[in-house]
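J.: Provided below for reference: sequence and predicted model.
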Amino acid sequence: MSRVPTAALSKYLLQGQVSRQGCLRLTRSPQISARALALRPAIVSHYRSLHTQTTETPLSSNPAAAPGHVPLRKQLKDEAKKAKAAGKKKKKNASNQVVPGWELTVGIEIHAQLNTAKKLFSEATTSFNDESNSHVAYFDLATPGSQPHFQKETLVPALRAALALNCDVQPVSRFDRKHYFHWDQPSGYQITQYYEPFAREGRIVLQPRDGIAAEDGDGLAVRIQQVQMEQDTAKTMAQPGATHWIDFNRTGVPLIEIITRPDIHHPATAAALVRKVQILLSAVDACVSGMEAGGLRADVNVSVRRTDDPDAPLGTRTEIKNLSSFKAVEDAIIAERDRQIAVLEAGGVVEGETRGWSIGSTETRRLRGKEGEVDYRYMPDPDLLPVVIGDDLVAHLRESMGQLPDAEVDELTEVFGLTAKDALSLVALDNGARVEYFWRVVESLKSKLGTDIPENSACFQLAANWILHELGRLTSNPHDESAQDLGFTPDGECQRVPVDSLADIIVFLYQHKITAKVAKELLWVVYRGNVPEQYPSVADAIETENMWFHELSEAEYAELADQAVEGQEDIVGQFAEYKQYPQGKLMFLVGRMMRLGSEERIDPKSAESVMRRRLEEKYVPALERRAEG
Amino acid sequence: MSTHVRHLRSKIPSGVLPSLRLRRTPPLRLASAASLPTKTNAFIAGVDEAHPPPSPPADGARIRLAVKDNIAAQGLPTTCASRILTGHEVPFTATIVTQLEQRLGAELWGKTNMDEFGMGTHSTNTPYGQVSNQLEGRSAGGSSGGSAVAVGMGHATVALGTDTGGSIRMPAAYTDTVGFKPSYGMLSRWGVVPYANSLDTVGLIAKEVAPIQEIIHAVCMEHDPKDPTSLPATVRERCVSERQYYPSSRGAPPPDLQSQGLRGLTFGLPIEYNIEELSHRIKEGWMQVAEKIKEQGGRVVPVSLPSTKSALSAYYVIAPAEAASNLSKYDGIRYGKRASSASAEDSDALNGILYAKTRGEGFGPEVKRRILLGSYTLSSEAVDNYFKQAQRVRRLVRRDFDRVFRLSNPLLENEHDDGNKEQQFDLSDMDESVTLESKLGPTQIDFLLCPTAPTTPPKLSDIAKQTPFDSYMNDVFTVPASLAGLPAISIPMALPKSEEDSVDFGGVQLIGQFWDDARLLAVAGHIRSEHQ
């Protein structure tokens, strides 16, 4: 099986911000070789993917004959083929946010795996890619005669999430059973919170920098109806033929479901909301992983109505289930909106139904209509006591929660002078670990410089720049298989480039003790582990390899400039009279300086300014004198 | 526990257990009771007599224990008398079985037959052959009929049952035994396969009150962390501090019933229980017990429980709803025997409905009826009118009890914080025959006294002709205490001689306030001894 280029995949993940290998590395079990993957392709797509809802198969038909899960790569390939056959390139959605005469309305349900040690109702531990069926309690298997034991520690990340989403935490909430048959659910029901969820009435504020549609102007607030806790289901691993393997390790792992009000009217804004939720959840440490690792899934409810009558009720809505990337959220909404409008303009009626979406496709597809809907027969679970949450716990969690991403982005732009785009990237990368790393570098820089931020803001900007861009370069070599993970820890350390080493490099660079070129070399030295294996510290490496920057003196620069100008009278002549300053020619002369002198002692910027000054003060006047004389 | 499941029939020496027929679960033989009328079909599986449990306690106080087949005991199958769980073994032992074995040296003797998953009133809904009363051809009551007959026949000294709407008390009344349903939350349900969790209560059947009393005294303070509805230790302490006759009760010693009789105790006769279906002999027996109580110095007054009429309907909404939910897991994937015609090639979908074949073949008709009933009452179109209404009725039933009992319900302390500790009666609800004690309402009582079943055990041949609704009616006296989670006991009572019915015993029921179990048992024991 040929591999789909990771670049093509990365388009669908985190708006292409994710490193090219990131997604596959996360989903791949270390024990499974590439060859094994090729033999069992379905495993890859199911690894650690969160199951939110049975979609295709549950009640209606022969499970063996039901359409199985199609691996991501195959979907991409098929779509590419289809597009080729249709003789068209994929359309950009840039101008697709609005259809004149129509208003789009969207509400979103987001499911996220909570970051907990234990399952929701058993003492079995949560796990990631452990041996199948190795973390399963009697209750997880719905063993007759077993009972649920609510693990109250799971409330902590759930409450953090609710607080990050500005929700009212309910003093009393309860668990209900939601019934439907599926092999991945041994009890025949999922325990969720239907009648009395633990959090209600929240809101998320979206700003232009969050990537909302231009039509949403300065921003908007999306209301959250409720947040509820619920159980995940078992993981199904399709095998060749009609065989399915079931791994109960995931059964009963706690999830939260976040339900928004229908406050969204533009596709890009819907994607921005999901992205923002992911950033918020990882910022407060509520969730294990984001969409790219299968820890987050979204269902969207879409309806349209004509804009001519503002009092008209919302149109009939359809639900698109199990969207697994931000791009899929936006694309699916556009496709479904356009489909509904086409139906209505043709005089048809939109059916309330459940629809599906494949990555890269241009149309949603019908999964089941109203008549095929399962009646979930919600019932309070008679074994589970109400959950009583004290104000003191909520107050404590609120105090200990730390800075939320919006405030953090504000600080990064206002105090550290980052652009909004860079600040957002920094906050979003590596599930929030990258920005933690930045804060630790800032602390280290402060102590090394012995001063505070204002005097040295350029130094901190330099650090941000390096953490965003230079660190990224380290892992961008596609041929170096061994070196693709920087190994950020959630508390902001980086195994491959320790905070202290990076701070050393940046301070030396900022203080002109080394050149930018040397600084970049040093970063590789650190990344390859030569510090501390070969050199105890960055400073030792510079010392040993004689890489300190002994810059030329002003006189030495001037002498070098003189040597460079020698025999270049034609070029010097162009500086005498010009419409636009001949910068290109200046850089040519600077280049000569670099070649003539010892490069490791020259700062190109200093060389440039000296050359410029020498031209203005000496050679151009001399030329003019000669002309006059 | 080292027990050995064997096909015992040939190994038991004849004469030791004359009519006890222990069978290995597969293959099932259906409807055998009709052809073998002398067999009671009380046991489904048993412990091999050739391999008794090691080192039996020497003191002779040992309990020979029979366990209803919906309670797990490792080493023996737990099938709930359902074809769908044929041969199924739960991989752990129920807390209550472990407690009885370890605390009281009980010896597990066998698993007893029952109505499938506890659904039934006569223990006839079972693939193991309907249970027959020791009185030939009569109903043993249900659903714990096998447990009651095992005690009635003397095969077990104590039997464990479960009571969801009368499933212990009814069989006790039909088999001339004592059946006790404790307060909800006292005995652990860990290892008990649920029928309706909010009602299911583990209880005990014995010939006399004393062995039951001994067991309750031994385990009543034990919280089981494995059962989320097991009352926490602190709450048990608080409840006991307001109650008498517990080994750990504090304060002045309670009245000695032996010497003082029933002086100072008031018994209420619920006037709503005097229903049309009540047989005149049961009513006469009931009144005779009331007379005996008066002779013993007790006071007997009529009381009103106005929600009684709705209680049965509420029960038959709530219990099937929970049952439909609980039984979802038996789909042939993890649990339940896959339908024989369902193979990998030919899926077990029927008319496109997944799992239908497996569930269609595995469940008996009464279970299917209640699953359908429960699925309907929880459906989005019916939930408001049925399930939610039934929950409201359940509250009213509990309020009725709280108003007539002198003791307050210790679980409702917070609800009394408004200072209005005496629950007000609405006089318009009340029957005219109830006399008012004070301006607050009628006399408050210690125990309710009422029949357990409206009739003597019916003939199995008559039951076959009944509609399901007829047997639902049998639960009318037992369901209210279940809905309120109150302790209730059925003890035998003598009936006047009759020519049309040879059965000369019935069951009379005493119901107490929540966690008044110890006093209820003490008083029931006293009445039982005086009545014999």
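T.: Looks like it arrived, so ask away. Numbers count the residues shown, from 1 in each chain, chains lettered A, B, ... in the order given.
J.: Could you check which residue of the stretch 201-350 of chain A lies nearest chain B?
T.: As assessed by CB to the nearest CB, chain B sits closest to residue A:242 within the stretch 201-350 of chain A, at 6.6 Å. Bear in mind the C-beta positions are built from the backbone N, C-alpha and C, glycine included.
J.: wait, doesn't residue A:344 sit right on residue A:304?
T.: Yes - look at residue A:344 against residue A:304 with CB atoms under 8 Å: they come within range, at 7.1 Å.
J.: Listing request: residues of the stretch 401-550 of chain A with sub-threshold pLDDT.
T.: A:451-455, A:477-484 (pLDDT under 70).
J.: in it, which spans are helices?
T.: All helices of the stretch 401-550 of chain A, identified by DSSP state H, counting those that start in this stretch, fall at A:405-414, A:420-428, A:433-449, A:457-465, A:471-474, A:499-510, A:516-527, A:530-533, A:538-544.
J.: what's the most buried one of the ones you listed?
T.: Highest mean neighbour count among the helices of the stretch 401-550 of chain A (mean count of other CB atoms under 10 Å in any protein chain shown): helix A:499-510, with a mean of 23.
J.: Excluding sequence neighbours, find me the nearest residue to residue B:487.
T.: residue B:517 (4.3 Å; CB to CB, 6 or more residues apart in numbering or on different chains).
J.: okay, that neighbour: pLDDT?
T.: Looking at residue B:517, its pLDDT is 97.
J.: burial of residue A:603, as a residue count?
T.: Using other CB atoms under 10 Å in any protein chain shown, the number of residues around residue A:603 comes to 16.
J.: Would you agree it is in contact with residue A:551?
T.: Yes - at 5.8 Å, residue A:603 counts as touching residue A:551 under the criterion of CB under 8 Å.
J.: burial count for residue B:301?
T.: 16.
J.: a helix runs through it, doesn't it?
T.: No - applying DSSP: H, G, I helix; E, B strand; the rest coil, one finds residue B:301 to be strand, outside a helix.
J.: pretty sure it contacts residue B:269?
T.: Yes - if you go by CB under 8 Å, residue B:301 and residue B:269 touch, sitting 7.2 Å apart.
J.: Report pLDDT for residue 79.
T.: You didn't pick a chain, so chain A it is. At residue A:79, pLDDT is 67.
J.: I was thinking of chain B, sorry if that wasn't clear
T.: On the pLDDT scale, residue B:79 gets 95.
J.: just the one 5 residues further on next, same as before
T.: Residue B:84 is assigned a pLDDT of 92 by the prediction.
J.: List of residues touching the helix or strand where residue A:392 lies?
T.: Take DSSP states H and E as the rule and residue A:392 turns out to sit in helix A:391-399. Identification of contacts with helix A:391-399 by CB atoms under 8 Å, 6 or more residues apart in numbering or on different chains yields A:155, A:156, A:159, A:160, A:163, A:169, A:171.
J.: same check, this time on stretch B:464-473
T.: With contact meaning CB under 8 Å, 6+ apart, stretch B:464-473 is reached by B:120, B:121, B:122, B:124, B:277, B:312, B:316, B:366, B:369, B:454, B:463.
J.: buried residues in that stretch?
T.: B:471, B:472 (16 or more other CB atoms under 10 Å in any protein chain shown).
J.: end to end, how far does it reach?
T.: Stretch B:464-473 has an end-to-end distance of 15 Å (CA to CA, to the nearest Å).
J.: okay, the helices of the stretch 401-550 of chain A in JSON lines with distance to chain B next?
T.: Below are those laid out as JSON lines (distance: least, CB to the nearest CB, whole Å):
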{"stretch": "helix A:405-414", "distance to chain B": "37"}
{"stretch": "helix A:420-428", "distance to chain B": "40"}
{"stretch": "helix A:433-449", "distance to chain B": "38"}
{"stretch": "helix A:457-465", "distance to chain B": "51"}
{"stretch": "helix A:471-474", "distance to chain B": "47"}
{"stretch": "helix A:499-510", "distance to chain B": "45"}
{"stretch": "helix A:516-527", "distance to chain B": "49"}
{"stretch": "helix A:530-533", "distance to chain B": "50"}
{"stretch": "helix A:538-544", "distance to chain B": "55"}
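J.: how about those, which one is nearest residue A:221?
T.: Across the helices of the stretch 401-550 of chain A, the minimum distance to residue A:221, taken as CB to CB, is reached by helix A:405-414, at 12.3 Å.
J.: sorry, back to before: tell me the two of the contacts of helix A:391-399 that are most distant?
T.: Between any two of those (CB to CB), the greatest distance is 17.5 Å, for A:160 and A:171.
J.: The two: who's more crowded?
T.: Between residue A:160 and residue A:171, residue A:160 has the larger neighbour count (other CB under 10 Å), namely 24 against 13.
J.: thinking the more buried one is in contact with residue A:282, fair?
T.: No - the pair residue A:160 / residue A:282 is not scored as a contact, 10.9 Å apart, by CB under 8 Å.
J.: so what's residue 335 up against?
T.: The chain I'm using is chain A. Per CB under 8 Å, 6+ apart, neighbours of residue A:335: A:357, A:361, A:362, A:363, A:364.
J.: wrong chain, I was asking about chain B
T.: With CB under 8 Å, 6+ apart, residue B:335 has these contacts: A:142, A:144, A:186, B:84, B:85, B:88, B:329.
J.: Surely residue B:508 is within a helix?
T.: No - applying three-state DSSP, one finds residue B:508 to be strand, outside a helix.
J.: Tell me the residues of the stretch 151-300 of chain B that contact chain A?
T.: B:189-194, B:196-198, B:225-229 (CB under 8 Å from any CB of the partner chain).
J.: hang on, the earlier thing: looking at the contacts of residue A:335, which are in strands?
T.: The strands, defined by DSSP state E, take in nothing from these.
J.: By neighbour count, which of those wins?
T.: Busiest of the contacts of residue A:335 [other CB under 10 Å] is residue A:364, holding 27 neighbours.
J.: for residue A:306, what are its contacts?
T.: Per CB under 8 Å, 6+ apart, neighbours of residue A:306: A:101, A:102, A:103, A:312.
J.: Can you get me a residue count around residue 367?
T.: With no chain named, the answer covers chain A. 22.
J.: Not quite, go with chain B.
T.: By other CB under 10 Å, neighbour count at residue B:367 equals 28.
J.: quick one: it from chain A, how far?
T.: 14 Å (CB to the nearest CB, to the nearest Å).
J.: now residue A:612: how far from residue A:560?
T.: 14 Å (CB to CB, to the nearest Å).
J.: Those two: which has the busier surroundings?
T.: Each of residue A:612 and residue A:560 has its neighbours counted (other CB under 10 Å); residue A:560 has more, 23 against 17.
J.: Give me the average confidence score over the host helix or strand of the more buried one.
T.: Assessed by DSSP H and E, residue A:560 sits inside helix A:554-565. Taken as a whole, helix A:554-565 has a mean pLDDT of 87.
J.: Sort out which residues of that helix are buried, please.
T.: Buried, per 16+ other CB under 10 Å, within helix A:554-565: A:557, A:558, A:559, A:560, A:561, A:564, A:565.
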